[in-house]
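*Asks:* what follows is a predicted protein model with its sequence.
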Amino acid sequence: MAIPAFLPATVCTGYMAAWFTDFYGFRQRSLAERLFWSVPLSLAITTISSVLIGKFLSLATVSLLLVASTVLWLAVLGQEWLQLRRSGRRWNIGWRPLGGKALILAFLWIAVVILSLVDFQSGHRLFLNVAIFDHAPRVAWTESILHTGIPPTNPLYWYKHASPMRNYYFWYVICAAVAKMAHLPVRAVLIGSCVWSGFALATLIGLYLKHFLLVGSQLRRQFVLCVSLLAVTGLDVFGNLWNILILHRPMAIDFEQWSMDPIISWFDTLLLSPHHVAGLVLCMFAFLLTWKAEENSRQQQTISVILAAMALASAFGTSIYVTFAFFLVMLAWGFWQIVIERTPRRALLLIASGTGAFILLIPYLWQLAHTSSGMQGGTPFAFAIREMIPSESLLSSSLLQHLAVSHPIASRNIAKLILLVPSYVLELGFFFLAFLCYLIPAYTGRKPLAHAHKSLLFIAVAIIPLISLMRSSVLRFDDFGFRAPLLLQFSLLLLSSELLIAWGKTKSKTNVAPDLAEPRYNTPEWLRSASSLALFFGVVSTVLQLLVLRTFIPLTEAQVRGRNNQDTGEVSHNAYLSYIGYAQMDAAIPMDAIVQFNPAQPNPFAGITNTLNVNRQVVISTDELWCGSELGGDPSGCPAMNAAIDPIFKSASAEQARAMCHLYGIQYLVAKVYDPAWNNMNGWVWTLPAVVSDKEFRVLDCRE
């Protein structure tokens with residue numbers, strides 16, 4: 001139900017904007033192409049508009065406007081249908097050719113998302129997926145928008161007062177508006193957003209093929225091919241085999257984690273972090289708008305700049321890291337256009353769009369600049385050499401062994417530099433070989449590249465130094481290094497589809513006289529064979545990645561049960577308890593209540609179910625150093641709160657629990673059968689007033 005519930009936010013608003021402005025002859029285009037324009041246009045318009053309207057009015061107003069846009073969309077479609085019927089004309093749907101294949105791919109994508117992300121139930125157990133580690137906090141942040149408005153408070157940390165989030169939350173505003181409008185559970189809406197981020201990426205591919213690369217008669221065939229290439233990742237299968245068979249390491253929780261700092265596959269990003277793909281779509285859509293604007297009238301240029309500004313503003317609050325990487329690459333691209341190519345107009349239009357985006361973002365930027373939240377011990381960006389293949393594999397060699405003893409930091413950096421090229425070969429696989437073909441003119445028959453192809457190649461080349469030498473250090477992982485490569489991946493995706501189409505044409509003409517008007521691709525046979533193998537193993541890696549995502553947690557639990565010779569089922573049963581117990585809590589206590597579950601969880605799989613289901617403000621979400629304040633809040637309170645809250649869930653009296661609750665503003669305590677305090681029949685679990693009393697899940701009132 002959540003998938004069609006996104007239509008007002010992902011189709012209707014953009015459709016109506018394009019219809020009323022007749023954007024690039026929108027009314028004369030087929031319904032299929034209108035849909036392709038409507039999705040990225042809707043994301044550009046809906047996202048920043050929802051944030052501003054929600055901030056200065058309310059989220060209910062956003063939902064009301066989405067409903068109004070849907071009614072207007074249906075009215076316009078109905079009016080056009082009546083006009084066509086009166087004139088005896090048929091609707092230009094644009095279904096053929098290959099519409100059926102595209103629809104099959106769409107339904108396959110929906111099936112992959114749902115089967116990968118939902119929980120499977122068996123009795124009193126819920127079998128989770130690895131994506132829950134990313135989805136759980138996002139569910140909590142989206143719920144916070146529903147309860148606290150815009151900007152949302154950080155629901156995972158409370159020290160004396162609520163703390164506003166200092167993270168990019170625009171995608172969660174869209175999800176919250178859809179959840180409010182359709183009265184659907186937030187988690188279902190978040191899974192639906194994964195489907196729509198894939199659809200948005202597919203529509204952007206179609207627009208680039210037709211209006212940027214100008215592929216002409218091969219458009220439909222190349223579109224299906226390019227979308228299919230999303231299922232191709234790098235050569236991760238070999239990295240995992242090396243770790244398991246040679247280094248004797250256990251299977252990682254994510255198939256990507258054989259690498260220290262991986263280039264995340266399309267499927268992994270779409271399923272775990274759909275907002276980053278949405279950020280890429282918005283950035284590259286703004287680039288396309290300014291690219292096409294040069295060819296059109298002054299009025300159309302103005303409309304393009306306004307829409308591109310909305311796209312860039314939406315992108316910044318959807319994925320700061322993708323947008324910042326795009327900004328740096330566009331600085332270099334603009335310099336190339338103005339100084340070397342002597343074609344400044346497109347660069348100037350992009351600058352105008354960026355200026356408009358800055359104006360739209362002033363309220364959000366002001367919030368970031370004036371937040372009371374502290375930074376988690378790092379800086380947004382820092383210099384660091386990317387490490388994909390672990391440098392220890394080279395440091396142990398005789399070449400660097402002596403240097404490693406006397407100069408450990410320098411030797412490690414040298415090893416990382418040496419390993420960059422083989423790392424990119426493994427991480428990109430087929431796409432690296434396609435990239436190589438474009439970098440070596442002889443491999444493409446010295447065919448002169450069109451300006452559009454040069455720009456994609458420029459983006460790919462320009463992003464590599466950034467992702468190789470820069471990282472973010474706000475969190476434990478390199479968020480910039482994970483997200484910025486999306487610009488490289490998108491450029492190579494389009495260029496690779498061009499190459500495959502050209503290879504197909506060349507192969508079909510081997511026994512026919514060559515067309516002198518069409519340059520031939522002279523790619524060596526060994527490179528084509530290597531590309532075919534890389535394509536095969538890229539698909540195998542994606543399939544294995546999906547299987548690991550779906551089965552890692554239940555298989556790990558089964559392994560533990562086998563070693564202990566007892567059927568504990570703690571993870572899956574804990575997930576079931578959380579789902580049922582917190583649902584009872586929702587009906588028993590106010591939405592603005594402050595609750596606390598056990599922050600010390602020896603099993604991270606079990607602990608994440610609290611974050612996923614609690615749907616309330618908690619004081620600390622974990623007893624680690626930053627205890628939930630990473631994305632909003634003053635972390636100085638963590639040590640004291642960790643020291644006070646942890647012992648309560650081991651064993652404590654009702655008086656001790658009340659004193660701790662009074663000290664930190666906690667109103668309700670959550671206890672499960674797996675918490676040590678559960679076994680103390682004289683402790684707070686059994687002596688405080690219970691608002692939810694289940695045989696394995698209790699919620700206790702600890703207010704005085």
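*Replies:* Great, that's in hand.

*Asks:* make it CA atoms for all contacts and neighbour counts henceforth
*Replies:* Noted.

*Asks:* residue ranges for the strands of the protein, please.
*Replies:* All strands of the chain, identified by DSSP state E, fall at 120-121, 126-127, 382-383, 470-471, 594-596, 617-618, 668-672, 690-693, 697-701.

*Asks:* worst average pLDDT in those?
*Replies:* Here the strands of the chain differ in mean pLDDT, and the lowest is strand 382-383 at a mean of 81.

*Asks:* give me the contact list for that one.
*Replies:* Contacting residues not belonging to strand 382-383 are listed as L469, M470, R471, S472, S473 [Cα atoms under 8 Å, 6 or more residues apart in numbering].

*Asks:* show residues contacting stretch 161-170.
*Replies:* Contacts for stretch 161-170 (Cα under 8 Å, 6+ apart): 47-48, 51, 141, 151-154, 157, 314, 316-320, 367-368, 371-373, 631-634.

*Asks:* what's the PyMOL syntax to select whichever of those residues are buried?
*Replies:* Only the buried entries of the contacts of stretch 161-170 go into this PyMOL selection, using 16 or more other Cα atoms under 10 Å:
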select buried, resi 47+48+51+141+151+152+153+154+157+314+316+317+318+319+320+368+373+631+632+633+634
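
*Asks:* of the contacts of strand 382-383, which is the most crowded?
*Replies:* Neighbour counts for the contacts of strand 382-383 (other Cα atoms under 10 Å) peak at R471, which has 24 neighbours.

*Asks:* can you tell me how far that residue is from Y321?
*Replies:* Going from R471 to Y321 by Cα to Cα, to the nearest Å gives 10 Å.

*Asks:* what touches both of those two?
*Replies:* D479, F480.

*Asks:* sorry, back to before: and which of the contacts of strand 382-383 is nearest to D479?
*Replies:* Checking the contacts of strand 382-383 against D479 with Cα to Cα, the nearest one is S472 at 6.0 Å.

*Asks:* how close does A176 sit to S144?
*Replies:* 9 Å.

*Asks:* got it, and Q601?
*Replies:* 23 Å.

*Asks:* so the two - more neighbours on which side?
*Replies:* Each of Q601 and S144 has its neighbours counted (other Cα under 10 Å); S144 has more, 26 against 15.

*Asks:* could you pull up the residues touching that one?
*Replies:* P152, T153, N154, P155, N615, R616.

*Asks:* and G94, how many neighbours?
*Replies:* 14.

*Asks:* that one against L31, yeah?
*Replies:* Yes - using Cα atoms under 8 Å, G94 is in contact with L31, at 6.3 Å.

*Asks:* show me the shaky parts of this structure.
*Replies:* For the chain, residues meeting the criterion pLDDT under 70 lie at 371-380, 393-408, 444-446, 473-476, 505-521, 560-569.

*Asks:* which one is the residue nearest the centre of it nearest to, not counting chain neighbours?
*Replies:* Centroid check for the chain by Cα atoms, centre = their mean gives S273 as the closest residue, at 2.3 Å. Leaving aside its chain neighbours, S273 sits nearest to D134 (7.3 Å; criterion: Cα to Cα, 6 or more residues apart in numbering).

*Asks:* do the same with F358
*Replies:* A313 (6.9 Å).

*Asks:* burial count for that neighbour?
*Replies:* Residues near A313, counting by other Cα under 10 Å: 32.

*Asks:* check contacts around it.
*Replies:* Contacts of A313 (Cα under 8 Å, 6+ apart): I48, A357, F358, L360, L361.

*Asks:* from I359, how far off is it?
*Replies:* 9 Å.

*Asks:* one more: P164?
*Replies:* Relative to I359, and taking Cα to Cα, P164 is found at 22 Å.

*Asks:* more neighbours: which of those two?
*Replies:* P164 (21 against 13).

*Asks:* and that one, bridged to which residues?
*Replies:* Beta bridges link P164 to T153, judged by DSSP bridges.

*Asks:* F6 contacts A177, doesn't it?
*Replies:* No - contact criterion Cα under 8 Å: F6 and A177 do not qualify, at 9.5 Å.

*Asks:* of the two, who's got more company?
*Replies:* More crowded of F6 and A177, by other Cα under 10 Å: A177, with 28 against 24.

*Asks:* return the residues in contact with the more buried one.
*Replies:* Contacts of A177 (Cα under 8 Å, 6+ apart): L59, A60, V62, S63.

*Asks:* before we move on, the earlier item: just send the strands of the chain back as TSV, with distance to G206 too.
*Replies:* Listed next are those as TSV, based on distance: least, Cα to Cα, whole Å:
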stretch	distance to G206
strand 120-121	35
strand 126-127	37
strand 382-383	36
strand 470-471	32
strand 594-596	47
strand 617-618	43
strand 668-672	50
strand 690-693	52
strand 697-701	51
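
*Asks:* the nearest residue to P274 once chain neighbours are set aside: how many residues sit nearby?
*Replies:* Using Cα to Cα, 6+ apart and skipping residues adjacent in sequence, the residue nearest P274 is C194, 5.2 Å away. Per other Cα under 10 Å, the neighbour tally for C194 reads 27.

*Asks:* could you pull up the residues touching C194?
*Replies:* Neighbours of C194 in contact, by Cα under 8 Å, 6+ apart: V113, L270, L271, L272, S273, P274.

*Asks:* could you redo the last one with a cut-off of 7 Å?
*Replies:* L270, L271, P274 (Cα atoms under 7 Å, 6 or more residues apart in numbering).

*Asks:* what about it, distance to S42?
*Replies:* The value you get for C194 to S42, if Cα to Cα is used, is 16 Å.

*Asks:* next one: A600
*Replies:* For A600, the distance to S42 - Cα to Cα - is 43 Å.

*Asks:* try L288
*Replies:* Distance from L288 to S42, by Cα to Cα: 15 Å.

*Asks:* who has more neighbours out of these two?
*Replies:* A count of neighbours by other Cα under 10 Å puts S42 above the other of L288 and S42, at 24 against 19.

*Asks:* so the more buried one versus A18, what's the distance?
*Replies:* 10 Å.

*Asks:* repeat that for Q222.
*Replies:* In terms of Cα to Cα, Q222 sits 26 Å off from A18.

*Asks:* about what we covered before: of the contacts of C194 - the most surrounded one?
*Replies:* Counting by other Cα under 10 Å, top hit in the contacts of C194: L271 with 27 neighbours.

*Asks:* if we can go back for a sec, including distance to F649, could the contacts of strand 382-383 go into a markdown table?
*Replies:* Converted to a markdown table, those look like this (distance: Cα to Cα, whole Å):
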| residue | distance to F649 |
| --- | --- |
| L469 | 44 |
| M470 | 42 |
| R471 | 38 |
| S472 | 35 |
| S473 | 32 |
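
*Asks:* excluding chain neighbours, what is closest to S42?
*Replies:* Nearest one to S42, counting by Cα to Cα, 6+ apart, is G14 at 3.8 Å.
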